[in-house]
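A.B. asks: Here's a sequence, model it:
(2 chains)
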Number of protein chains: 2
Amino acid sequence: MQYKVEFQPDNVTIEVEPGENLLSAAAAAGVYVHAYCGGDGVCGKCKVRLDQGEVRAQKGTLKQEDWDNGIRLACQATVESDLTITIPEGVKESGKDLKRKPKTTRTISAKSLDALIGTWGVDPPVTKIYLELDPPTMDDNVSDMLRIMRGLKKAMPESREPTYDHPELLKELSVTLRDAQWKVTLLLLHGKRETEPDRIIDVEAGDTTDRLYGLAVDIGTTTCSGVLIDLNTGEVIDEASGYNAQIRYGEDVISRMIYANRPGGLRSLQEKVVSTINSIIEDICRKVIISPSDISYIMAAGNTVMSHLLLGLNPKYIREAPYVPAVSQFPLTKAAGLGIHAHPSVRLFLYPCIASYVGGDIVSGVHACQMAKSDEISLFIDIGTNGEIVVGNKDWMVCAACSAGPAFEGGGIKHGMRASAGAIENFHIHPQTYDPMIVTIGRIKPSGICGSGLISIVSELLEAGVIDQQGKFNRTLDNSRIREGEDGWEYVIAWGQDSLTGDNIVITEVDLDNLMRAKGAMYAGYQTLLESVGLTFADVDRVIMAGNFGAYIDLERAINIGLLPDMDRDRFYYLGNASMLGCQISLTDVNRFRDRVYVRQLITNLELADNAEFMNYYMAALFLPHTDMALFPSVAAKLAG
Amino acid sequence: MQYKVEFQPDNVTIEVEPGENLLSAAAAAGVYVHAYCGGDGVCGKCKVRLDQGEVRAQKGTLKQEDWDNGIRLACQATVESDLTITIPEGVKESGKDLKRKPKTTRTISAKSLDALIGTWGVDPPVTKIYLELDPPTMDDNVSDMLRIMRGLKKAMPESREPTYDHPELLKELSVTLRDAQWKVTLLLLHGKRETEPDRIIDVEAGDTTDRLYGLAVDIGTTTCSGVLIDLNTGEVIDEASGYNAQIRYGEDVISRMIYANRPGGLRSLQEKVVSTINSIIEDICRKVIISPSDISYIMAAGNTVMSHLLLGLNPKYIREAPYVPAVSQFPLTKAAGLGIHAHPSVRLFLYPCIASYVGGDIVSGVHACQMAKSDEISLFIDIGTNGEIVVGNKDWMVCAACSAGPAFEGGGIKHGMRASAGAIENFHIHPQTYDPMIVTIGRIKPSGICGSGLISIVSELLEAGVIDQQGKFNRTLDNSRIREGEDGWEYVIAWGQDSLTGDNIVITEVDLDNLMRAKGAMYAGYQTLLESVGLTFADVDRVIMAGNFGAYIDLERAINIGLLPDMDRDRFYYLGNASMLGCQISLTDVNRFRDRVYVRQLITNLELADNAEFMNYYMAALFLPHTDMALFPSVAAKLAG
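C.D. replies: So this is what the prediction gives:
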């Protein structure tokens, strides 16, 4: 159930979850409300009037008189019914009324996501089968293993004779069978290909068929996440995540690779990511009260460097031209052998990578959204320090990685920061006063700007005419927030009194330059890849945005700054953590899992690093949104209007 | 080249290897020569006259006069040319001439052995292939592993895409490739079945195709042996053997199984057999100056208990009725994982077992002699404490184990001992004086009786009428060697003055009883197994004797005492260490190797332990050679004559 919130006088309505913060709802609806402190409740600017419906609110810094008149601080109120809200008309410092300009609502095509991902069954790559075996007699004293084989054949007459594990399985087998009085549950691992026989990987006493779990793991350079799935029902039971503990050895893959080459470095990095996965397993298992040994399969995906480090493979040659990974198809590995706290029989599957900078996370994502099964041409995008792009359909696919730099993760931005509490994630600017509306993650005082905030800020500054298309400030504007600071021209987003640190939070021309390089690299990547197969944006049927970051990007604003192509908004899909999704699907349905082979074989990598075409496109993209405005007709119209 | 030695006046000729000891040659020819001290040169009894040809001899205790007259001590002479030898006529103590009775020559059908084993090619289950790869470029920067795959596909266009090892292979791969400037040798493991893809298990710098070795290992309860084979040529390079170091925990499989159940016992036993194998590897490699890491495959066979212990599997339920092994088909294992000093990639194949007491050594032997490929019906016998019998042909096979007891290994025999230096291995008796002709292993003074000696002694005593068919001494014979000793009636084989220990060496009625039980169990086993498939000895086309012990058994005498069936002597084959032979063949020819699956599937086990039929046959066999003399017509004729 969702509640409708109507904002007046803009006459904008948005649907939100019960309990949604009212300031966040306004920001999402594109409705400007004065807000300096990010939602912390201290600046007292975000006053709104509750005309109809119910909110749960705190008085905060409001005067009793205002409270009695139905005024609330938006950042201190949560939506508890359908609402009608009026934003008080703003007043210029001069006393004149302000003419407010309504903002466009954020576009999300989430509804049609299911069409991409498709359905999947509950037919996991591990299954359990309960057998009641006849105890051996003098007339029938075949080996314990052979007895199990016979029992299995009887239960599944069509199946091929399975193989079995050693030594984990065999060591305890005889005792287990007798302790369990010949009533046991087999854990069977299906072959990676349909033609391969099953493999018995565990024999458990009694009937344990009701306990069958799988863990999907996304191994990010920064964050690792795990999702526990009940493989009997396909249901997601719980999830957990945490920073990749490798982070102490460097923030990005490059510094990790450098560290890997130090004595003992590779081993430390391997241990750290394993300890991260172990923490996730521990967290989830404690929460849902299962034993880690009830997890029967782990499917994981990560970029090429993360994958190499998890398996303890030196990524040395990934870093040096011509950027060659040791291996692209990772062998199925026993998780315990890597140090993961799992039953010794449990396998870890790691999605194959395509190239040094197009990894298993991308293959998993492409696999999840079934690009390789569609006639339609998809443009799959994962925006980040290393941006990955895949174009294609069921007949062909090309991919490329482009080094966008760390701007979207806060790197190279004066007040940039990761998407954590206090980061400005949404921003609107008043078109006349240039006053900001700031929403931070966690709605506390702002301490910096994360990627989605940066896109919002730059787009708003551009639309408001505070900066021009070259990313330079309009030096003619007379506003205290627009000024020449110690690092050149800047816009003051938050004054020290409203920030968490007590310092001003600003965005500078240097920041703008870095952002333009980052978005320019992505856009040039789309163009180069499309041109390599003789296509243009007009041929692209849909744009699929993967990655956690992608899910937080305001589509309209990303197009405004030229990070995304100016296409029909209905063609954009937010896939979120596609890498995790691919793992979840593979874990739940072995038929979908087996499809992945086709995905990997279909994709061809294009190296952009030395590509002259790419460099030309890149230079042309260092503009807001682009030097060739014909590529951005809707933005051109907006800026002209 | 062999030399002919003609013995007169018996007019018996035997062919021997150059350098063969003359006393041994006489014993093998069945020619009686006085000899009390086993060949040590001290009793001075074995005087013979050299009529023609050359021997290398030492004078020993001979008088100069005898020496000058061409007399030599047989035990101090070796054959260096064709010879004619005269045995001086014996003289009774009374002064009367003795009438000597010539003995039958030992029958060995070794010549036709090749027909059983067949030929095999040099097409080992591991191969090497040398590749010169193109270094990566920006236009071609697939992963190192994929580059190898492409190189392999180019070199072997017909082959399926192989799988590959992890982590042993992948960890060093990138560095190896670059250090070797992309010139590498792949070590490929062929699938156990033809349908399985190859597996890359090692990548070596440069061209190492000239170094490809395999090790065949026979894991005996007492002795382990290894044979190193050059897999490029199929030639045996060298061999080594040593006592199974587990022996400190018990002489037989039963005591080992008991020890395995003590805390830490299983682990100690596993470590001991591994250390034994490591010593063998070390010995061989030092001798032929190769590195253990040049051994690319290990094929091993052992009985079911030895196989379990090598893999660290508890053999507990093998010992208890209904005698169930944990596993009968052992998974292909990484040798290094067991603690064997081998390259981490090297696999150890262990022949599957059929039942708790019919192990991989038997399967390997049956596999070696191709019983499963012949129309003819074979009776395959391995005599020992645990005797194993297999009957069948290409269409069916049954097997059984019968507990013969340790008599053939010296157990339960007053002066019994293992077949080591000082053990009486051959024996003749003078039909009139009952004086012995003793030949010991190593031709030193006798210290005991080994299995083949025991068979000789009992057969000779029976033929000479010293004992009757019930195994009782003829109390009417007036001879100092035949007497009532402290353990009842006995025959003195060696007086203290001629023995190594200074004690008399005797054989007692208790010993005879134990021997009869042992041989009776074997014979009853043949009968029960044949009857189970509705056959008799008349249907058996050939008898194949496997095992080291089998190779030392005097066929004629073994039939005399009823250990072997009384069949046409031409139908007997000595296979020797068939277990080792099977490993050698499998190691050299993957096609023969793959055949083994069929062998294992064909054999059905029959449990004799509770079998009433077997007990009846056994009771009837406690006689020399048998209560039913119709089963032993040739022996009946001999005893009647």
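
A.B. asks: Give the full set of residues in contact with A:Asp144.
C.D. replies: Counting by CB atoms under 8 Å, 6 or more residues apart in numbering or on different chains, A:Asp144 touches A:173-174, A:177, B:317, B:324-327. In short, each C-beta sits where N, CA and C put it, glycine included.

A.B. asks: Let me fix that, I meant to ask about A:Val122.
C.D. replies: A:231-234, A:588-589.

A.B. asks: Now secondary structure too, for the contacts of A:Asp144, in a markdown table please.
C.D. replies: Compiled in a markdown table, those are given as follows (DSSP: H, G, I helix; E, B strand; the rest coil):
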| residue | secondary structure |
| --- | --- |
| A:Leu173 | helix |
| A:Ser174 | helix |
| A:Leu177 | helix |
| B:Tyr317 | helix |
| B:Val324 | coil |
| B:Pro325 | coil |
| B:Ala326 | coil |
| B:Val327 | coil |
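
A.B. asks: What about the closest residue to A:Leu146 other than its chain neighbours, how many residues nearby?
C.D. replies: Nearest residue to A:Leu146, sequence neighbours excluded (CB to CB, 6 or more residues apart in numbering or on different chains): B:Ser328, at 5.6 Å. Neighbours of B:Ser328 under the rule other CB atoms under 10 Å in any protein chain shown: 25.

A.B. asks: Just the element for B:Ser328, please.
C.D. replies: Taking DSSP states H and E as the definition, one finds B:Ser328 inside no helix or strand.

A.B. asks: contacting residues for it?
C.D. replies: Contacts of B:Ser328 (CB under 8 Å, 6+ apart): A:142-143, A:145-146, B:304, B:352-355.

A.B. asks: so after the helix-or-strand element of chain A with minimal mean pLDDT, what's the next helix or strand?
C.D. replies: None of the helices or strands of chain A scores lower by mean pLDDT, DSSP states H and E than helix A:113-117, at a mean of 78. The helix or strand immediately downstream of helix A:113-117 is strand A:126-132, counting by DSSP H and E.

A.B. asks: So for that following strand, what gets flagged as buried?
C.D. replies: Neighbour counts over strand A:126-132 (16 or more other CB atoms under 10 Å in any protein chain shown) mark A:126-131 as buried.

A.B. asks: Whichever of the contacts of B:Ser328 end up buried, select them in PyMOL.
C.D. replies: Filtering these down to the buried ones (16+ other CB under 10 Å) takes a single PyMOL command:
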select buried, (chain A and resi 142+143+145) or (chain B and resi 304+352+353+354+355)
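
A.B. asks: Show me which of the contacts of B:Ser328 is closest to B:Met615.
C.D. replies: The closest of the contacts of B:Ser328 to B:Met615 turns out to be B:Ala355 (CB to CB; 19.3 Å).

A.B. asks: Which residue, neighbours along the chain excluded, lies closest to that closest one?
C.D. replies: B:Asn605 (4.0 Å).

A.B. asks: The one you found pairs with what?
C.D. replies: B:Cys399 (DSSP bridges).

A.B. asks: Can you verify my assumption that it contacts B:Ile362?
C.D. replies: No. The criterion here is CB atoms under 8 Å, and B:Asn605 misses it with B:Ile362 at 10.5 Å.

A.B. asks: more neighbours, the two?
C.D. replies: Per other CB under 10 Å, whichever of B:Asn605 and B:Ile362 has more neighbours is B:Ile362, with 30 against 21.

A.B. asks: Counting by contacts, list what the helix or strand the more buried one falls within packs against.
C.D. replies: Taking DSSP H and E as the criterion, B:Ile362 maps to helix B:360-368. With contacts taken as 3 or more CB pairs under 8 Å, 6 or more residues apart in numbering or on different chains; DSSP states H and E, helix B:360-368 sits against strand B:295-302, strand B:378-382, strand B:386-392, helix B:578-588, helix B:590-602.

A.B. asks: Pull the distance from it to the chain's centre.
C.D. replies: How far helix B:360-368 lies from its chain's middle: 12 Å, per CA atoms, centre = their mean, to the nearest Å.

A.B. asks: Kindly export it (C-alpha atoms) in CSV.
C.D. replies: Presented in CSV, the C-alpha positions along helix B:360-368 are these (Å, rounded to 0.1, in the frame of the first residue of the first chain):
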residue,chain,number,x,y,z
GLY,B,360,42.0,-53.4,-5.8
ASP,B,361,45.0,-55.6,-6.1
ILE,B,362,42.7,-58.4,-7.4
VAL,B,363,40.8,-56.1,-9.7
SER,B,364,44.1,-54.8,-11.1
GLY,B,365,45.4,-58.4,-11.5
VAL,B,366,42.2,-59.5,-13.3
HIS,B,367,42.4,-56.4,-15.4
ALA,B,368,46.0,-57.2,-16.3
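
A.B. asks: by how many degrees do that helix and helix B:590-602 diverge?
C.D. replies: 120 degrees (axes from the mean of the first three to the mean of the last three CA atoms, to 10 degrees).

A.B. asks: Mind listing residues that contact helix B:360-368?
C.D. replies: Contacts of helix B:360-368 (CB under 8 Å, 6+ apart): B:117, B:218-220, B:300-304, B:307, B:330, B:350-354, B:372, B:380, B:382, B:388, B:390, B:397, B:399, B:546, B:575, B:578-583, B:585-586, B:592, B:595-596, B:599-600, B:603.

A.B. asks: Now for the closest residue to A:Ala326 other than its chain neighbours: which residues touch it?
C.D. replies: The shortest distance from A:Ala326 to any non-neighbouring residue, by CB to CB, 6+ apart, is to B:Ser174 (4.5 Å). With contact taken as CB under 8 Å, 6+ apart, B:Ser174 is in contact with A:313-314, A:316-317, A:324, A:326, B:144.

A.B. asks: Go through the helix or strand where A:Thr276 lies and flag the buried ones.
C.D. replies: Element membership for A:Thr276, per DSSP H and E: helix A:265-288. Under the neighbour-count criterion of 16+ other CB under 10 Å, helix A:265-288 has A:265-266, A:268-281, A:283-285 buried.

A.B. asks: Can you name every helix or strand that that helix contacts?
C.D. replies: Right, helix A:265-288 is packed against strand A:213-219, strand A:223-230, strand A:236-243, helix A:253-260, strand A:295-302, helix A:304-310 by 3+ CB pairs under 8 Å, 6+ apart.

A.B. asks: next one: that helix to chain centre, how far?
C.D. replies: The answer for helix A:265-288 is 20 Å, by CA atoms, centre = their mean.

A.B. asks: For stretch A:174-191, the averaged confidence score.
C.D. replies: In this model, stretch A:174-191 has a mean pLDDT of 96.

A.B. asks: Apologies, that question was intended for stretch A:422-435.
C.D. replies: 92.

A.B. asks: Which positions within that stretch qualify as buried?
C.D. replies: Those would be A:422-431, A:434-435, for stretch A:422-435 by 16+ other CB under 10 Å.

A.B. asks: Using PDB, list the CA coordinates for it.
C.D. replies: Provided in PDB are the C-alpha atoms of stretch A:422-435 (Å, rounded to 0.1, in the frame of the first residue of the first chain):
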ATOM      1  CA  GLY A 422      25.300  13.000   6.000                       C
ATOM      2  CA  ALA A 423      25.900  12.800   2.200                       C
ATOM      3  CA  ILE A 424      23.800  15.200   0.200                       C
ATOM      4  CA  GLU A 425      21.800  12.900  -2.000                       C
ATOM      5  CA  ASN A 426      19.200  15.200  -3.400                       C
ATOM      6  CA  PHE A 427      19.300  18.900  -4.200                       C
ATOM      7  CA  HIS A 428      17.000  21.500  -5.600                       C
ATOM      8  CA  ILE A 429      17.800  25.100  -6.100                       C
ATOM      9  CA  HIS A 430      15.400  28.100  -5.900                       C
ATOM     10  CA  PRO A 431      15.500  29.600  -9.400                       C
ATOM     11  CA  GLN A 432      15.400  33.200  -8.000                       C
ATOM     12  CA  THR A 433      17.100  33.200  -4.600                       C
ATOM     13  CA  TYR A 434      19.500  30.300  -5.500                       C
ATOM     14  CA  ASP A 435      18.800  29.000  -2.100                       C
END
